[in-house]
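K.L.:
Next one to model:
(one chain, ligands or ions: 2)
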Amino acid sequence: MIRDAVEAVVNAIISEKDYLSQLDAKIGDGDHGANMAQGAKSAVEALEELSDEELNDLQKVLHAVGEAVVMNVGGSAGPLYGAGILEAAKVVDENSSLDIATLEKMFGAAVSAIQRRGHAQKGDKTMLDVLIPIHECFTPENSAGKNLEEVLVLAVDAAKDGVEYTKTIAAKRGRASYLGDRSIGFEDPGAVSSLIIYRTLCNYWKG
Ligand code: ADP
Ligand code: MG
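P.N.:
Ligands and ions are numbered 1, 2, ... in the order given. All right, here's what the predicted structure looks like:
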């Protein structure tokens, strides 16, 4: 059930709250875990407002979660994640099944929305250094000849590589950019939260 997937993500974020804030304390202001936990809490509250029928509708669930995150989460990551979730909601309908093509559209829409809002590119040391490589795994060129489970797993590896990559580069967007080259050597907290979210969804889908 879709609600179970959201709850799995919420629990993962809450259990990594302190870790995410510690990462942010090194190159930002130390609130990323608190912001993400706030988003998780508001997502749970938003789902409580939906009927059982709505809870089985992927578009309604994504829309409710995206709106809750945009409205209730401070910092830069909340509005960016919220915008991404709201755009992903627009590309699914009641006939969508979670196949490679649908996931390609959802991640593509989320990445585009985050880029329109935050103007970051790959290599700027942000969540996009994880989300863009995840999306790329699902494109027709890269997923040809593979089944869904294979692509899901390859994308976890791509997400982990994305986090490692953020350690090697200087931040060009967000608070960490104030540090310039002193941000090198630390993983980007938003990249890590994106890995946590994706890895949790992936385990859920595979299981
Ligand atoms: P704040 O930086 O306002 O304190 P958070 O700590 O919650 O907000 O989120 C920081 C994360 O947001 C960063 O680690 C980065 O991944 C992401 N981020 C910041 N600015 C941008 C941007 N312009 N585009 C994409 N992601 C961004
Ligand atoms: Mg912060």
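
K.L.:
how about the residues of this structure that lie near ligand 1?
P.N.:
Neighbours of ligand 1 within the chain, by CB under 6 Å from any ligand atom: 24, 28-29, 31-32, 35, 75-77, 80, 114, 118-120, 126-128, 173-175, 188-191. (C-beta placed from N, C-alpha, C; glycine too.)

K.L.:
Report the buried members of those.
P.N.:
24, 28, 31-32, 35, 75-77, 80, 114, 118, 120, 126-128, 173-175, 188-191 (16 or more other CB atoms under 10 Å).

K.L.:
Just the ones of these in helices?
P.N.:
Asp24, His32, Asn35, Ala77, Leu80, Ile114, Gly118, Leu128, Pro189, Gly190, Ala191 (DSSP state H).

K.L.:
Tabulate the residues you listed (a markdown table), appending pLDDT.
P.N.:
Formatted as a markdown table, these follow (pLDDT from 0 to 100):
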| residue | pLDDT |
| --- | --- |
| Asp24 | 98 |
| His32 | 98 |
| Asn35 | 98 |
| Ala77 | 96 |
| Leu80 | 98 |
| Ile114 | 98 |
| Gly118 | 98 |
| Leu128 | 98 |
| Pro189 | 98 |
| Gly190 | 98 |
| Ala191 | 98 |
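
K.L.:
what packs against the longest helix seen in the chain?
P.N.:
The helix that spans the most residues within the chain, counting by DSSP H, is helix 148-168. On a contact count with 3 or more CB pairs under 8 Å, 6 or more residues apart in numbering; DSSP states H and E, helix 148-168 meets helix 100-118, helix 128-138, helix 189-206.

K.L.:
Please list all residues in contact with Gly33.
P.N.:
Glu16, Lys17, Asp18, Tyr19, Leu20, Ser21, Gln22, Asp24, Pro189 (CB atoms under 8 Å, 6 or more residues apart in numbering).

K.L.:
Try it again at 6 Å.
P.N.:
Shown in contact with Gly33 (CB atoms under 6 Å, 6 or more residues apart in numbering): Lys17, Asp18, Leu20, Ser21.

K.L.:
Of those, grab the buried ones for PyMOL.
P.N.:
Selection of buried members from those for PyMOL, criterion 16+ other CB under 10 Å:
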select buried, resi 17+20+21
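
K.L.:
Since that was my last question, I'll sign off now.
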